[in-house]
Structure formats: C-alpha cells, structure tokens
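> below is the structure, and that's it, no one-letter string:
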C-alpha cells in the first residue's frame, strides 16, 4: 500500500535473520538516505535488549527504522528517551486503530505490555557512518502472532493484538498497522526534539512499574525497591527506602 508514511523507502523482505543487522549494513550506503525502514515478513533471529532473542512468526510485525538524528533535532545519546518515545508511538497506534485495552502500558525501558504480558519490544541503537551518526530503532510487535506455536517460555510471557480482539487478526492486517506506526513518528520526533512536556507526561502515565516492587540488575548488583515513575530524561525512578535512584540502563527482573 505505497506510498508509506514518513519513510523515503520501505524495503520488504520475505525472510531475514534480523532487520537490524540488514539495516546496519545498509546505513553506510551514501546513496540511501534516511528515513528508511527494513521490514521482514518473517524474522528468524531477531534481537532484543542485551542480545536476547526475539521470537516471531509471520503474524508478527518486525522492522527497523533508520533515522538521521540531526535531521530531526534529536541527540544520539538519548537512547532511553528514544525507546520510550517509540513505545508511546506504538501505544498511540494501537489506540488509533481502536484496539484499546485498559492494561496497555510501557514497561521500562523498552517493552509494551498488556496485563503483564509482552506485546512489543523496542531496540534503539546508535551507528556511526561516514555521513554522521544514525539511529536504528528495531521494533517487534505481536500482531497476529500464533503464540500457541511459540516456545513455552515465550508463550507464558507474551500476548498479541489479535488475542485482545473479539475477532482474531490475520497477517493481512500487518501493512495497516505498520502504516499507522510509521505515521506516528514525525509528530513524536518533533515532541522529543522540543522537549515537549506532554511526551514525558504520556510515558509517565503509561508507566507500568510505578508503585510496584522492582528488582533491577545493574551490572554485578541488584537494586531492590519500588517504582516511582519515569522522569522526563527517561530515567526509571526506584525508591529503595533510603534514596531514589535514577536508572538510565539496567534489566528489570520479572520475579520482583
């Protein structure tokens, strides 16, 4: 359904190991100008946070968006905020299409969840090229994903848009949802570049860890406390009873 919103080019592949790996190789081509995106109808070795694998099938939306940060007034050192901005784009795309669930929210630093189950994951990366820095945003969304065919450890912690609807979605819905997501990036990037307080207020409102017990793995140690929100810089606030820690990186353990 071209032309696609926002991107100059959408490169569609029937199958790839990883859209981020392909985008990383393409980004050094001086003839290929961002923004562009790589979409795989089937991704076999997707990557999540800290090189974790991302399982997907033909009903999953897996793509990587390539941006020139200078063109959008965005700093490349803002990976936490870029991940949260992308999460807001995904949540708003879901809402705009009428696929609304009251438990929909953002699990810091880079997941969208419903009812404690993962719906989407986000992986922002910075790549240096001869033409300047580029930002790659890898996105995986369970749209019409057959989680009954997923490995047990994936099925136990995931959900899909189709599972949340009265009528199941099919792979034919993927282009519609991808277009809705891409359409959300230009206004979100403008809000991020302008430090628009409404953007931070949105990810704060969607924060699923506020008021919940948290165990965060930070290097060799664990921080145990209670979530106190996500600040405008994208830091997770954790109260350990003595002080409030600001986390810009770390892994939130699910057994907290």
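Sure, I can see it. Keep in mind the model is a prediction, meaning the values are calculated, not measured. Numbering: from 1, shown residues only.
> looking at the helix or strand hosting residue 24 now, give me its mean pLDDT.
With secondary structure defined by DSSP states H and E, residue 24 is part of helix 19-26. Across helix 19-26, pLDDT averages out at 96.
> what sits up against it?
The set of residues that contact helix 19-26 without belonging to it, under CB atoms under 8 Å, 6 or more residues apart in numbering, is 11, 13, 16, 32, 36-40, 43, 46-47, 62-64, 66, 123, 125, 127, 136, 138. For glycine as for every other residue, the C-beta is placed from the backbone atoms N, C-alpha and C.
> what comes up buried for it?
For helix 19-26, the neighbour count (16 or more other CB atoms under 10 Å) marks 19-24 as buried.
> tell me the helix or strand right after that helix.
strand 36-40.
> which neighbouring elements make contact with that following strand?
With contacts taken as 3 or more CB pairs under 8 Å, 6 or more residues apart in numbering; DSSP states H and E, strand 36-40 sits against strand 9-13, helix 19-26, strand 60-67.
> wait, residue 178 touches residue 62, no?
No - taking CB atoms under 8 Å as the contact criterion, residue 178 and residue 62 are not neighbours in contact, 10.0 Å apart.
> with neighbour numbers in mind, choose between these two.
Here residue 178 and residue 62 are compared on neighbour count by other CB atoms under 10 Å; more neighbours surround residue 62, at 26 against 23.
> quick check: beta-bridge partners of that one?
In this structure, residue 62 bridges to residue 40, residue 140 when assessed by DSSP bridges.
> of all the helices and strands packed on strand 36-40, which one comes closest to residue 233?
Nearest to residue 233 among these is strand 60-67; the distance by CB to CB comes to 19.6 Å.
> quick one: average pLDDT of the closest one?
The average of the pLDDT scores along strand 60-67 is 98.
> where exactly do the strands run in the stretch 151-256 of the chain?
213-218, 221-230, 236-239, 244-247, 251-252 (DSSP state E, counting those that start in this stretch).
> and the helices and strands packed on strand 36-40: which comes nearest residue 156?
Nearest to residue 156, of all the helices and strands packed on strand 36-40, is strand 60-67, at 17.0 Å by CB to CB.
> and the contacts of that closest one?
Residues from elsewhere that reach strand 60-67, judged by CB under 8 Å, 6+ apart: 7, 19-20, 22-23, 26-27, 34-40, 43, 46, 54, 56, 74, 134-145, 174, 177-178, 181-182, 185, 189.
> tell me the one among the buried residues of helix 19-26 nearest to residue 96.
residue 19 (23.4 Å).
> for the closest one, give its distance to residue 132.
Here the criterion is CB to CB, to the nearest Å. By it, residue 19 lies 22 Å from residue 132.
> same deal with residue 16?
Residue 16 sits at a distance of 25 Å from residue 132 (criterion: CB to CB).
> quick one, which of the two is more surrounded?
Each of residue 16 and residue 132 has its neighbours counted (other CB under 10 Å); residue 16 has more, 22 against 11.
> the more buried one and residue 43 touch, don't they?
Yes - under the contact definition of CB under 8 Å, residue 16 touches residue 43, with a separation of 5.7 Å.
> where along the stretch 51-200 of the chain do the helices fall?
Shown for the stretch 51-200 of the chain, the helices assigned by DSSP state H, counting those that start in this stretch span residues 69-72, 79-96, 152-155, 174-193, 197-205.
> would you turn these into CSV with distance to residue 235?
As requested, the helices of the stretch 51-200 of the chain are exported to CSV (distance: least, CB to CB, whole Å):
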stretch, distance to residue 235
helix 69-72, 20
helix 79-96, 7
helix 152-155, 29
helix 174-193, 15
helix 197-205, 11
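> of these, which is nearest residue 165?
Counting by CB to CB, and looking across all of the helices of the stretch 51-200 of the chain, nearest comes helix 79-96 at 10.7 Å.
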